[in-house]
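Asks: sequence first, then the predicted structure, then my questions.
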Amino acid sequence: MRVLDDLASVRPFTEELYKHLHAHPELSDREHETAKRMAAELRATGIDEVHEGVGASTGVVGIVRNGDGPTILVRADMDGLPVVEDDVVEYRSTQTAEVDGGIVGVMHACGHDVHMATLQGSVRLLVQHRDAWSGTLVVVFQPAEETVAGARAMTDALRALVPSIDAALGQHVAPYPASQVRLSAGPIMAAVDELIVTVHGRGGHGSQPETTIDPVVIAASIVLRLQTIVSREVPSSQQAVVTVGTIHAGTKSNIIAETARLGLSIRTYDETVRAQIHAAIERIVQAECQAAGATQPATIEHTLWAPVTDNDPGVVGTLQPAFDAEFGGDVVPMERLSGSEDFSELAAAYGAPYCFWFTGGIDDARHAAAVEAGTVLTDIPTNHSPAFVPVLQPTLDTAVRAMTTAVLAHLGR
């Protein structure tokens with residue numbers, strides 16, 4: 001009997017767990033109840049080891065030892081986002097949380113609920129069919145992917161539990177047809193850097209700007225000039241994104257502030273281009289400050305970084321025929337995304353190869369109609385949207401099938 005012939009036996013469990021997780025999201029490094037549930041479900045399967053609090057936060061690790069063979073790490077992320085969910089499904093999230101002194105809605109707007117529920121479904125299938133494979137399966141539920149800090153915070157503790165692995169596997173739901181799996185070797189997701197730029201001016205009364213150095217005007221000039229980096233400095237053969245996502249300054253309309261803060265996000269695939277963009281940002285920011293007569297240079301803080309997700313050709317070579325056999329024509333090459341992930345840091349901590357693929361979450365007919373009408377960008381909600389609620393099926397089945405197939409491609413007898 002094929003392991004996936006038993007898929008229907010875990011479907012009710014996976015669906016119930018997904019709905020519960022979707023309705024009860026928690027923000028990065030606050031996934032306390034989520035982590036407890038992940039650990040409890042792992043223990044319910046009777047696996048060999050379950051460890052909680054792995055790393056600096058809420059990480060959960062399960063270990064299934066099943067005789068001789070390779071050691072394969074599989075990972076799902078656990079955190080939600082500060083997003084108020086649209087009223088799309090009856091199990092929508094109404095959770096809230098305090099952030100920076102205010103109350104925000106919380107939603108699994110990136111599909112991490114799908115990742116957790118379907119990994120638990122795959123683990124149940126694999127434990128039920130130990131006779132079909134041999135080796136060690138390391139199951140990781142990781143906090144704080146959305147801050148790209150969660151994987152890095154787990155690596156030391158993880159290696160203390162599991163000294164070595166042979167490969168790492170991960171997957172992500174996305175706004176593709178729910179029956180599809182998207183897979184490619186090489187770079188598929190960008191590196192990300194986040195910067196906080198603080199412009200220092202001289203404050204004063206809004207009626208007398210001549211007595212001030214207005215940091216808002218300087219910040220506005222910086223925002224406009226930064227838009228020329230990708231369009232005028234990065235080679236057209238390279239992909240890059242520079243986004244100013246936040247601007248904060250002032251407390252009242254008739255007060256010229258002392259400072260202005262800008263939050264920047266940079267996405268690159270090439271280290272040379274990354275260095276070029278950082279240098280251009282430094283040059284532009286400081287030049288605008290100098291041109292405005294600022295009394296001191298701007299402060300630039302590097303607050304966040306995650307590497308390129310670069311799928312190993314050998315691991316992809318193992319998965320491709322297995323996925324083709326399971327999904328047929330529903331295996332589609334993966335295009336490069338400018339989004340970023342920290343999954344690869346788990347593999348990098350071991351010096352191990354890895355593969356990260358995507359599964360769909362949009363009703364096939366709905367997606368096809370949007371493609372036909374040329375309205376995919378407007379009609380299909382994307383990750384991080386308040387309307388991104390993957391259709392229940394076949395989304396969950398596709399992800400369970402994909403992860404189970406990937407594990408068996410490495411450990412199957």
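Replies: All right, it came through fine. These figures come from a predicted structure and were not determined experimentally.

Asks: low pLDDT regions in the stretch 201-350 of the chain?
Replies: Filtered on pLDDT under 70, the stretch 201-350 of the chain yields no residues whatsoever.

Asks: which parts of it are helices?
Replies: 215-232, 271-291, 313-327, 344-350 (DSSP state H, counting those that start in this stretch).

Asks: turn these into a markdown table, columns for distance to His367.
Replies: C-beta coordinates here come from the backbone N, C-alpha and C atoms, glycine included. Converted to a markdown table, the helices of the stretch 201-350 of the chain look like this (distance: least, CB to CB, whole Å):
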| stretch | distance to His367 |
| --- | --- |
| helix 215-232 | 29 |
| helix 271-291 | 32 |
| helix 313-327 | 16 |
| helix 344-350 | 28 |
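
Asks: closest one to Pro177 among the ones you listed?
Replies: helix 313-327 (11.4 Å; CB to CB).

Asks: so what touches the closest one?
Replies: If you take CB atoms under 8 Å, 6 or more residues apart in numbering as the criterion, helix 313-327 is touched by 4, 167, 169, 179-181, 183-186, 331, 353-355, 357, 398, 401-402, 405-406, 408-410.

Asks: going through the residues you listed, which ones are buried?
Replies: 4, 167, 169, 179-181, 183-185, 331, 353-355, 357, 398, 401-402, 405-406, 408-410 (16 or more other CB atoms under 10 Å).

Asks: in helices only, show me those residues.
Replies: Thr398, Arg401, Ala402, Thr405, Ala406, Leu408, Ala409, His410 (DSSP state H).

Asks: now those in CSV, with distance to Gly55?
Replies: Converted to CSV, these look like this (distance: CB to CB, whole Å):
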residue, distance to Gly55
Thr398, 30
Arg401, 30
Ala402, 26
Thr405, 29
Ala406, 24
Leu408, 28
Ala409, 28
His410, 25
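
Asks: go through those residues and name the one nearest Val241.
Replies: Distance ranking of these against Val241, using CB to CB, places Ala402 first at 28.1 Å.

Asks: the closest one contacts Thr359, correct?
Replies: Yes: here Ala402 reaches Thr359: they are 5.5 Å apart, a contact under CB atoms under 8 Å.

Asks: where do the contact lists of the two overlap?
Replies: By CB under 8 Å, 6+ apart, the residues touching both Ala402 and Thr359 are Gln171, Val181.

Asks: ok, now which ones touch Ala249?
Replies: Pro215, Val216, Ala219, Ala257, Thr259, Ala260, Arg261.
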